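Novice: Provide a 3D model corresponding to the input given below.
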Amino acid sequence: MSSDQVQYTHGYKLPALAGLNRRTAESHASWLLPRLKPGDRVLDAGPGPGTITLGLARAVSPGKVTGVEIGQPYVDLATETARNDNVENVEFLQGDALDLDFDDETFDVVFSFAVLEHIPEPIDALREWYRVLKPGGLIAVGSSAVSWHAHPLDAPLGPPKMNFYYRVWETNGGHPDMAADQPQLVRRAGFQDIEIGGFFQHSDPQQQASTWPERFRDPDFIKQAVDAGFASAEEIEEVAQEVEAWGKDPDAWYMLPWFWALGRKPG
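Specialist: A predicted model of the protein is given here:
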């Protein structure tokens, strides 16, 4: 499996960035930070806009963090963010996280957040990350499970309203509920001493009520959903309008669950 076979359902437009730009190492990788050491060499597989990556770089300075991202728009954005924040011990490269251009046993830590759920065969990614880790190196991955997202029961979010979105995601080779399988996949890839945990992220309901409809209305997404028979354009637009209206409800709220797994490469 290579990067040209991976389709990122969320896309690289503003709706995708709305949530990613709010992530930091302190908010989304606090479970990893105490385990990092100055001088560590870290790979961030799929860093997106790089907001978490910069925090990892600060934690391991004078060590180095390399972010490998499939999407060139994110590489450019992350590089610019690092430059603006004066973080010099980090680099962002466009590349394939399933076929890395690094020698065996290069990194002390491999970190990847919200990436496995978009890879058709996530075990392949974990085995590649195992390859580039030094003996005794640490794997740190985090994923969500969209069917476990929390919101009022009458909110037009989650199944069954959004089944058309989940089905497109799965058609693209993704796994909307990856978090449920994450620990066993890490173990199957050869890692030992597995630790797991999780946390909830509060999200502004108005932001969710903007992000999801914009994703639904992407012309490429609509075509894919309609051509596959998952929903009509009219049905998609109806759900988009319901979500927008829900965001204005004073009782609206939204929580995202994240689950992480840590493991060690034997050595």
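Novice: can you give me the strands for the chain?
Specialist: If you assign secondary structure with DSSP state E, the strands in the chain sit at 41-45, 64-69, 90-94, 107-113, 133-144, 192-203, 254-264.
Novice: with the flanking residues excluded, which residue is spatially nearest to residue 55?
Specialist: By the measure of CB to CB, 6 or more residues apart in numbering, the closest residue to residue 55 outside its immediate chain neighbours is residue 25, 2.4 Å from it. Just so you know, the C-beta spots here come from the backbone N, C-alpha and C atoms, and that holds for glycine as well.
Novice: and the one you found, how many neighbours?
Specialist: Using other CB atoms under 10 Å, residue 25 has 21 other residues around it.
Novice: for residue 165, same thing?
Specialist: Taking other CB under 10 Å as the definition, residue 165 ends up with a neighbour count of 24.
Novice: quick check: closest non-adjacent residue to residue 190.
Specialist: Residue nearest to residue 190 in three dimensions, not counting chain neighbours: residue 130, with 5.3 Å by CB to CB, 6+ apart.
Novice: what's the answer for residue 103, then?
Specialist: Looking at residue 103 with CB to CB, 6+ apart, the closest residue is residue 132, at 7.5 Å.
Novice: how close does the one you found sit to residue 195?
Specialist: With distances taken as CB to CB, to the nearest Å, residue 132 is found 21 Å from residue 195.
Novice: next: residue 246.
Specialist: In terms of CB to CB, residue 246 sits 37 Å off from residue 195.
Novice: what's the answer for residue 89, then?
Specialist: 27 Å.
Novice: who has more neighbours, the two?
Specialist: Using other CB under 10 Å, the more surrounded residue of residue 89 and residue 195 is residue 89, with 17 against 14.
Novice: wait, the residue nearest to residue 190 sits on residue 265?
Specialist: Yes. Taking CB atoms under 8 Å as the definition, residue 130 is a contact partner of residue 265 at 6.0 Å.
Novice: list residues touching both of the two?
Specialist: 139, 190, 191 (CB atoms under 8 Å, 6 or more residues apart in numbering).
Novice: and the residues you listed, which are buried?
Specialist: Members of these that pass the buried threshold by neighbour count (16 or more other CB atoms under 10 Å) are listed as 139, 191.
Novice: let me know the closest of the shared contacts of residue 130 and residue 265 to residue 147.
Specialist: Of all these, the one with the least separation from residue 147 (CB to CB) is residue 139, at 25.1 Å.
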